[in-house]
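Here is my input, please return the structure:
(one chain, ligands or ions: 1)
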Amino acid sequence: MSDKIEKNRLAEVDSLIEKYPDVPQEAIFKEDLLRLGVSFSEDALRVCSGFKPKSYFIFSFDLRPIKELEQGENLRAPEELSLVDGPRGFRRTIVSVRINPGSPYRVDIIEGKLSLLVEGEGVCEVELQEMPEYYLRDLRNGRTISEIAPTIEWGYLVYLTVYRKCQYFGFKEECQFCDINENVRQQKEAGRPYETVKPIEEVVEALEIIDETDVEKRTGAYTLTGGSITRHLRGEDEATFYEAYARAINSRFPGRWISKMVVQALPLDDVKRFRDAGVQIYHPNYEVWDRRLFPIICPGKEDYVGRDEWMKRIVDSAEIFGPSQVIPNFVAGVEMAAPHGFKTVEEALASTGEGLDYFMSQGITPRFTVWCPEPLSVLGKDQGPAPLEYHVGLLRLWRETLLRYGLPAPPGYGEPGVGKAVFSVSSFMDALPGDLEVARIPGESRPAARS
Ligand code: SF4
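Model prediction:
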């Protein structure tokens, strides 16, 4: 994993497309874009400025710090790209924008069309999401919707990072791939309003604006999240702090959105409180499965909870939510990060696959985001991402395990299948069969999927 693998991208991508014809070509390009990021020409940025901008909804997800973005990309790049058509006949594929001025992937204008190029060769055309009407309306105090309640996944998911910091602080506690605390600092330095704690009333007011203006109900779910609270925040423990938001939102908008919460793997009594507050999907993220790597990569989680207890709590929470509504995330690729990670793709897949088997055999479907080394995180300072072949192998392994256990597509992610998926920070939904059933949430009256 170093800069040398960043060259000859097209040859490597094409060889993987040929080697794994069961994985859509769009998904392979998407994984590569997520691990390497994308650059923009000045002309492309000018076009992008009229569309929905990158909101920095939780982490930076960039491969360069803001101070190295000489074109002001942090304020001008779009939230996501829609990859369509072009010489390869792309089916619509939504990918999150991770800025990297040094990336071999570049968005530029070719023959009057916004296009994606790799090493100068055209891959496909690029479409952008129109600015949603709710982004044009501010809260009464002047705060913007893109700050308080941004949407991602092409407008499907309202993303509510209500606490922008994490109390796992510093090298000895924070997850080693995570830049949450450093990102707050750089965003504030760059002049972005980036309140550490979002008041509940502002979150509810922002959702009222979205509800009023999103008449077609394109927003189908919301995620409530933020950093871990190991002590207290404003006098409250983690469960109490986040539960209050869920309760306020779900009592004000019953059934309007699928309600998802990303917090720690908490004791069962706390998990029951979330369910009673109307949360429907629980994401107790385990980040990395491997027993040796978990304490190295997540030292705070190891110290405060411990790996075995963390995994046990995930399984226990299925009693409360039902297994299909417990969806823990892991950070795909970080298990290959130097100096402690696996050295070969085969070893990494074997370990990660063991975790998938453990959970999926119990009806719990983990999902993953593609790791990109954020330079303000511990692991992202001086190394490149995991090999593309690992990511393609993981897509196949995840799908194969899911289908082997006869599980449906996870709920709360829109529709599965290439050309329909909207989940933008990994291709697991793009790689699923388009006709796979999506797990239904009890009482859900609208389609779980919307694009
Ligand atoms: S728990 Fe880990 S991944 Fe989550 S915000 Fe804190 S440091 Fe980041």
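
Only C-alpha atoms from now on, for both contacts and neighbour counts.
Will do.

count of neighbours near the residue of the stretch 351-451 of the chain found nearest the ligand?
The stretch 351-451 of the chain approaches the ligand most closely through Ser377 (9.4 Å), counting by C-alpha to the nearest ligand atom. By other C-alpha atoms under 10 Å, the residues close to Ser377 number 21.

Could you find the closest non-adjacent residue to it?
Leaving aside its chain neighbours, Ser377 sits nearest to Asp179 (4.6 Å; criterion: C-alpha to C-alpha, 6 or more residues apart in numbering).

And the pLDDT for that neighbour?
Per-residue confidence for Asp179 comes out at a pLDDT of 97.

The residue of the stretch 351-451 of the chain closest to the ligand sits in which helix or strand?
Ser377 belongs to no helix or strand when assigned by DSSP states H and E.

tell me the contacts of it?
Gln176, Phe177, Cys178, Asp179, Glu182 (C-alpha atoms under 8 Å, 6 or more residues apart in numbering).

Show me which residues of the strand or helix carrying the last one are buried.
I take that to be Glu182. Using DSSP H and E, Glu182 maps to helix 180-189. For helix 180-189, a neighbour-count test (16 or more other C-alpha atoms under 10 Å) marks Ile180, Asn181, Glu182, Asn183, Val184, Gln186, Gln187 as buried.

Out of these, which are close to the ligand?
Among these, the residues within reach of the ligand (C-alpha under 6 Å from any ligand atom) are Ile180.

so can I have JSON lines of the buried residues of helix 180-189 showing distance to Gln264?
Formatted as JSON lines, the buried residues of helix 180-189 follow (distance: C-alpha to C-alpha, whole Å):
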{"residue": "Ile180", "distance to Gln264": "15"}
{"residue": "Asn181", "distance to Gln264": "17"}
{"residue": "Glu182", "distance to Gln264": "20"}
{"residue": "Asn183", "distance to Gln264": "20"}
{"residue": "Val184", "distance to Gln264": "20"}
{"residue": "Gln186", "distance to Gln264": "25"}
{"residue": "Gln187", "distance to Gln264": "25"}
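
Show me which residues of the stretch 51-200 of the chain sit near the ligand.
Counting by C-alpha under 6 Å from any ligand atom, the residues of the stretch 51-200 of the chain near the ligand are Cys166, Tyr168, Glu174, Cys175, Cys178, Ile180.

same thing but at 5 Å, please
Contact residues (C-alpha under 5 Å from any ligand atom) of the stretch 51-200 of the chain with the ligand: Cys166, Glu174, Cys175, Cys178.

Which single residue of the stretch 251-400 of the chain ends up nearest the ligand?
Cys298 (6.7 Å).

contacting residues for the residue lying closest to that residue once chain neighbours are set aside?
In space, and not counting its chain neighbours, Cys298 is closest to Cys175: 4.5 Å by C-alpha to C-alpha, 6+ apart. By C-alpha under 8 Å, 6+ apart, Cys175 lies in contact with Tyr168, Ile297, Cys298, Pro299, Gly300, Lys301.

again, only this time at 7 Å
When contacts are counted by C-alpha atoms under 7 Å, 6 or more residues apart in numbering, Cys175 touches Ile297, Cys298, Pro299, Gly300.

Between the residues you listed, identify the one with the most neighbours.
Those, ranked by neighbours (other C-alpha under 10 Å): first place Ile297, 27 neighbours.

thought it was touching Gln176?
Yes: contact status for Ile297 versus Gln176: in contact at 5.2 Å, counting by C-alpha atoms under 7 Å.

sorry, back to before: show me which of the contacts of Ser377 are buried.
Judged by 16+ other C-alpha under 10 Å, buried ones among these: Gln176, Phe177, Cys178, Asp179, Glu182.

Specify which member of the residues you listed is nearest to the ligand.
Nearest to the ligand among those is Cys178, at 4.7 Å by C-alpha to the nearest ligand atom.

how near is the nearest residue to that closest one once chain neighbours are set aside to Gln383?
Nearest non-adjacent residue to Cys178, counting by C-alpha to C-alpha, 6+ apart: Ser377, 5.3 Å away. Per C-alpha to C-alpha, to the nearest Å, Ser377 is found 11 Å from Gln383.

was I right about the residue of the stretch 251-400 of the chain closest to the ligand contacting Phe177?
No: using C-alpha under 7 Å, Cys298 is not in contact with Phe177, being 8.8 Å away.

Quick check: Leu36 vs the ligand, distance?
Distance of Leu36 to the ligand, given as C-alpha to the nearest ligand atom, to the nearest Å: 20 Å.

circling back to that earlier point, report the secondary structure state of the residue nearest to Cys298.
Under DSSP: H, G, I helix; E, B strand; the rest coil, the three-state class of Cys175 is coil.

now the helices for the stretch 351-451 of the chain?
388-404 (DSSP state H, counting those that start in this stretch).

Can you pull the poorly scored residue ranges out of it?
444-451 (pLDDT under 70).

Which of the residues of the stretch 51-200 of the chain next to the ligand sits closest to Glu119?
Cys178 (29.1 Å; C-alpha to C-alpha).
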